[in-house]
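[1] sequence and computational prediction follow.
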Amino acid sequence: MSVDNLKSVISKKGGLAKNNRFQVLFTPPTQALVGISIENVVGNLITGKSNGIKQFVNDPRDISILCEQVTLPSRSLSTIDYVSDRQSNKFPYTSIDGDVTMHFIVTNDYYAKTLFETWMSSIVDTEGYQLGYKNDYSTDIVIQQLNQQNIPIYSVRLEGAFPVTVNAVSLDSNAENTIQKMSVTLSYENFVTEDIVDTIKSTAGVVGATLGI
């Protein structure tokens, strides 16, 4: 194997996928948005930074921009050992999809943290200790790997996704120039790989649903 052969294969395959070229799109359930706009209104009135009603529209592209890191879902097979006359063999009987973790930059309005905490409260009410309905608190999430032209080259859709963990956010008086960050772990029913047509439909559907188009 020569360097020229490697370059030829990479060129033939459209180049190398870049780790930092991605986007995440989803429309949070209605329950996850309850209180978000009110908190934004109050906070911006206090700071004098109100820019009209458009400021309080929850655009899914905001989540994509604030998402600093995400993992594509993993899938493994569960097996059982079957012992034959000669040796032990493994036989698969089901598949397991791994949880997905997203890392976000935290803004001064704590939008991402408030969003996911409110979302989790709609799943399990910590005051009345009541469970929500799955159809009300789950949503589909689209994760796309992009090329240099911002065109999706690989896309997966997490079906019936919802957050299971909002990890702790640390505060440190010695970290003067450090940007605040947080991470969220999500579970889901299943993930499917989308082709370019399905990806375009999913992207348009997510943006349209959130913006009311």
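    Perfect, thanks for sending it. Numbers count the residues shown, from 1 in each chain.

[2] so for stretch 81-97, what's the average pLDDT?
    Confidence for stretch 81-97, expressed as mean pLDDT, is 87.

[3] okay, the nearest residue to Asn167 once chain neighbours are set aside: pLDDT?
    Excluding its sequence neighbours, the residue lying closest to Asn167 (C-beta to C-beta, 6 or more residues apart in numbering) is Ser183, at 4.6 Å. Yep, even glycine has a C-beta here, placed from its N, CA and C like the rest. Note on Ser183: pLDDT of 96.

[4] for Ser183, which residues make a bridge with it?
    His103 (DSSP bridges).

[5] what sits against it?
    Applying C-beta atoms under 8 Å, 6 or more residues apart in numbering to Ser183 gives the contacts 101-104, 167.

[6] distance of it from Ala175?
    Distance of Ser183 to Ala175, computed by C-beta to C-beta, to the nearest Å: 17 Å.

[7] what do you get for Asp97?
    Asp97 sits 35 Å away from Ala175, going by C-beta to C-beta.

[8] of the two, who's got more company?
    Neighbour count, other C-beta atoms under 10 Å: between Asp97 and Ala175, Asp97 has more, with 15 against 10.

[9] can you pull the contacts of the more buried one?
    By C-beta under 8 Å, 6+ apart, the residues touching Asp97 are 73-75, 188, 190-191.

[10] that one and Thr114, how far apart?
    For Asp97, the distance to Thr114 (C-beta to C-beta) stands at 28 Å.

[11] for Arg75, same thing?
    Distance from Arg75 to Thr114, by C-beta to C-beta: 32 Å.

[12] between those two, tell me which one has more neighbours.
    Ranked by neighbour count (other C-beta under 10 Å), Arg75 and Thr114 place Thr114 first, with 15 against 10.

[13] can you check the pLDDT for that one?
    88.

[14] what about it, distance to Asn108?
    Applying C-beta to C-beta to Thr114 and Asn108 gives a distance of 12 Å.

[15] can you name every helix or strand that the helix or strand hosting Gln145 contacts?
    Using DSSP states H and E, Gln145 falls within strand 139-146. Using 3 or more C-beta pairs under 8 Å, 6 or more residues apart in numbering; DSSP states H and E, the elements in contact with strand 139-146 are strand 22-26, strand 152-166, helix 196-211.

[16] Gln69: which of those is closest?
    strand 22-26 (8.9 Å; C-beta to C-beta).

[17] sheet partners, orientation included, of the closest one?
    strand 139-146 (antiparallel).

[18] average pLDDT across the strand it pairs with?
    Averaging pLDDT residue by residue across strand 139-146 gives 93.
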